[in-house]
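Asker: Sequence first, predicted model second:
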Amino acid sequence: MFKGKRIYYVLGAVLVLLLLNTFMGTRNSSTVEEVLNKGHIKKVQLLYQTEVDQDTLAFYLSVPEEQAVSASKDLAVTDMGYGLLKKNIFGKWVIKQSAEFGSIKAYLADDGFTGEIALLPTMLYGVIGDDHIGSINVTFQDGDKQVLTKATIVDTKPIRLWYAPADERIADREIKLEAAGRDGKAIATKKVSF
């Protein structure tokens, strides 16, 4: 009878240890920037963060250590990424999802902006290299209806970024990104898809 109870105590102790490891693991930190810096070879510089549903969406640059303190960045060796984070029950930040694309300079084409698709959270995002771009519109066809979303543009240093929340309807669709000048006239258009 006593041996049967002991197995429950052992299993309970193992479960408690697993839960503590999950909530207080190595990816937990007290600030968003700290948790994004863990596991990166390059130094992470937080650009912008905002609330999305009950999570925090953070955009960042990943730069070589020697450029981390400099206001200007060599975009050939600077990456841009995002993280979706939340606070655990202990009040520490944990990463739910993160991703980054390589050299910003390699992605900035002649049209002056990049366009990427993220699944968690579902959104489109990128950087803007052309100072004349004042807005970016995202459109796709959903049956007979054309869906239009105006992207949020964030002026950060040393780059400007943009993002547009979306939903699962963008899967398997061709998406049109249109950059317009501050006067509203189209400057560049590109198409992206999953």
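Answerer: Now that the structure is in, tell me what you want to look at. Numbers count the residues shown, from 1 in each chain.
Asker: residues near residue 193, how many?
Answerer: 11 (other Cβ atoms under 10 Å). Any C-beta I mention is one placed from the backbone N, CA and C, and that applies to glycine too.
Asker: Contact partners for it?
Answerer: With contact set as Cβ atoms under 8 Å, 6 or more residues apart in numbering, residue 193 has these partners: 117, 172, 173, 174, 175.
Asker: Residue 164 too?
Answerer: 123, 124, 125, 136, 138, 149, 150, 151, 152.
Asker: What strand or helix carries it?
Answerer: Take DSSP states H and E as the rule and residue 164 turns out to sit in strand 160-165.
Asker: name the helices or strands packed onto the host helix or strand of residue 44?
Answerer: Assigned by DSSP H and E, residue 44 belongs to strand 43-52. Contacts defined by 3 or more Cβ pairs under 8 Å, 6 or more residues apart in numbering; DSSP states H and E place strand 43-52 against helix 32-37, strand 55-63, strand 160-165.
Asker: What are the buried residues along that strand?
Answerer: 43, 44, 45, 46, 47, 49 (16 or more other Cβ atoms under 10 Å).
Asker: quick one: the second one and residue 59, what's the gap?
Answerer: Relative to residue 59, residue 44 is positioned 11 Å away (criterion: Cβ to Cβ, to the nearest Å).
Asker: list residues touching both of these two?
Answerer: residue 81.
Asker: sorry, back to before: who does the strand holding residue 44 pair up with?
Answerer: Strand 43-52 pairs in its sheet with strand 55-63 (antiparallel), by DSSP bridges.
Asker: Which residues does the strand it pairs with contact?
Answerer: Counting by Cβ under 8 Å, 6+ apart, 32-33, 36, 40, 42-51, 73, 77-86, 93, 96, 100, 121, 123, 125, 154, 156, 158-159, 161, 163 sit against strand 55-63.
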